[in-house]
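Novice: I would like the atomic coordinates for the input below:
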Amino acid sequence: MTAPIVVSMGDPAGIGPETIAKAWDARVARALPPFVAIGDRRAIARVWDGPVAAVSDLSAVGDVFPDALPVLTVEDAGEIVPGAPDADGARCAVRALEMATGLVRSGAARALVTGPVSKAQLYQTGFTYPGQTEFVAERCGIARANAVMMLAGPGLRVVPMTTHVPLADVPALLTVELILAKARVTARAMMRNFGIERPRLAFAGLNPHAGEDGALGREEIEVMRPAIAQLHAEGIDVRGPLAADTMFHARARAEYDVALCPYHDQALVPLKTLFFDDGVNITLGLPIVRTSPDHGTAFGIAGKGLAHPGATIAAILMADQAATHRTRCLPAA
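Specialist: Have a look, this model is predicted:
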């Protein structure tokens, strides 16, 4: 029997437990593969009255999945109150993440989906990583710099080449070496995770109109073009730098498989505008498959029955797709 997908619940006071439960409700309509939730089982019970099956061995997931949501429980999260995060819940989220990562690394599970966490709560417990991505990368023996974040929706994939840094710092961080590293990981992962044998990479310029040949900035000339020329010489299908304001409409998106953008919002604004309810964060460059719904904990609506499961469903489906493609003989990510 095929190994299941593991889904860590994230912060038990957030919307993760609810979206996981609603995803299980949609298992038939969306043809979801068997998955198991990892976290405190009470977090599900606080927000959902559907059937839950406690499991201690992942080999049982496939048998119980048609009739109940399988849950592998970690140590309890204290008093769980939807919308009221605390340190106990954050510690539970970390334990669930660590267990889930270990199960995928061991081969007991085929892919990892991580629920949303509160970084502020995590940091108060002594968590020293910028986020879940860096935690998973370290557990997999991968340097943080080689774990690349891609956001994907039904008609767009984007990679921010710099992420959670002030905009003023981006020009100095956008080096030839950074661009080469991000693009190489992205190209290999597009082959392995999505089965695209010759992926087309498009680069957004840093400046308005991609710098207007130096009139509006020289980063495109001095940094981006040399990096793109090197990638082209390596046989990677690349284009750009392109004016970011004209590369995200439907006709433009048909010309590339993934857009690499110099800074965070340049990548995430079009993705979230077009695919807010079903955007997925997938980490490239790891030896395992890891995806996450592209939204936060949404404490303000937790426990109110308002959480939309679309991104969690999309994350499970993408994890399944990537794990399936990885069984083929394609270059390693």
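
Novice: Quick check: most distant residue from the centroid of this protein.
Specialist: Ala215 (36.4 Å; Cα atoms, centre = their mean).

Novice: Give me the distance between that one and Leu167.
Specialist: Distance check for Ala215 against Leu167: by Cβ to Cβ, to the nearest Å, it reads 21 Å. For every residue, glycine as well, the C-beta is placed using N, CA and C.

Novice: Parallel or antiparallel, list what pairs with the helix or strand containing Ile38.
Specialist: Per DSSP states H and E, Ile38 falls inside strand 35-39. Strands that pair with strand 35-39, judged by DSSP bridges, come out as strand 5-8 (parallel), strand 69-73 (parallel).

Novice: what angle separates the next helix or strand after the shortest one from strand 35-39?
Specialist: The reference is to strand 5-8. Of the helices and strands lying after strand 5-8 in sequence (DSSP H and E), the nearest is helix 16-25. Orientation check (axes from the mean of the first three to the mean of the last three Cα atoms, to 10 degrees): helix 16-25 against strand 35-39 gives 160 degrees.

Novice: starting at the chain centroid, how far to helix 16-25?
Specialist: The chain centroid and the centroid of helix 16-25 are separated by 17 Å under Cα atoms, centre = their mean, to the nearest Å.

Novice: Same question for stretch 269-277.
Specialist: That offset, for stretch 269-277, works out to 14 Å (Cα atoms, centre = their mean).

Novice: in it, what's buried?
Specialist: Neighbour-count burial for stretch 269-277, with 16 or more other Cβ atoms under 10 Å as criterion, is recorded at 270-272, 274-275.

Novice: Show residues contacting stretch 78-91.
Specialist: With Cβ atoms under 8 Å, 6 or more residues apart in numbering as the test, stretch 78-91 has contacts from 11-14, 40, 42-43, 46-47, 77, 92, 117-118, 121-122, 124-125, 127, 297, 299-304.

Novice: With stretch 197-210 instead?
Specialist: 170-171, 174, 179, 183, 186-187, 190-191, 211, 216-217, 219-220, 224, 228, 231, 236-245, 247, 255-263, 266-267, 330.

Novice: Quick check: the gap between Gln124 and Tyr256.
Specialist: Note on Gln124: its distance to Tyr256, by Cβ to Cβ, is 41 Å.

Novice: low pLDDT regions in this structure?
Specialist: Where the chain drops to pLDDT under 70, the residues are 1, 328-333.

Novice: Which phi and psi values does Lys272 adopt?
Specialist: phi -70, psi -30 (degrees, to the nearest 10).

Novice: For it, which non-adjacent residue is spatially closest?
Specialist: Sequence neighbours aside, Gly279 is the residue nearest to Lys272 in space, at 6.1 Å (criterion: Cβ to Cβ, 6 or more residues apart in numbering).

Novice: Can you get me a residue count around the one you found?
Specialist: Neighbour count for Gly279, taken as other Cβ atoms under 10 Å: 25.

Novice: for it, phi and psi?
Specialist: Per degrees, to the nearest 10, the backbone of Gly279 is at phi -80, psi 140.

Novice: start the count at 22, not 1, going forward
Specialist: Let's use 22 as the start, then, which means that last one is Gly300.

Novice: Just list the residues touching it, thanks.
Specialist: With Cβ under 8 Å, 6+ apart, Gly300 has these contacts: 172-174, 292-293, 314-316, 332, 335.

Novice: Select from these every entry located in helices.
Specialist: Judged by DSSP state H, helices contain the following of these: 292-293, 332, 335.

Novice: Present these as JSON lines; the columns should include distance to Arg165.
Specialist: Shown next, in JSON lines, are the ones in helices among the contacts of Gly300 (distance: Cβ to Cβ, whole Å):
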{"residue": "Leu292", "distance to Arg165": "22"}
{"residue": "Lys293", "distance to Arg165": "24"}
{"residue": "Ala332", "distance to Arg165": "24"}
{"residue": "Ala335", "distance to Arg165": "25"}
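
Novice: Of these, which pair is most distant in space?
Specialist: Maximum pairwise distance among the ones in helices among the contacts of Gly300 (Cβ to Cβ): 13.1 Å, between Lys293 and Ala335.

Novice: correct me, but Pro181 touches Val279?
Specialist: No - using Cβ atoms under 8 Å as the test, Pro181 is too far from Val279 to be in contact (11.5 Å).

Novice: higher neighbour count, these two?
Specialist: Counted by other Cβ under 10 Å, Pro181 and Val279 do not tie: Pro181 has more neighbours, with 25 against 22.
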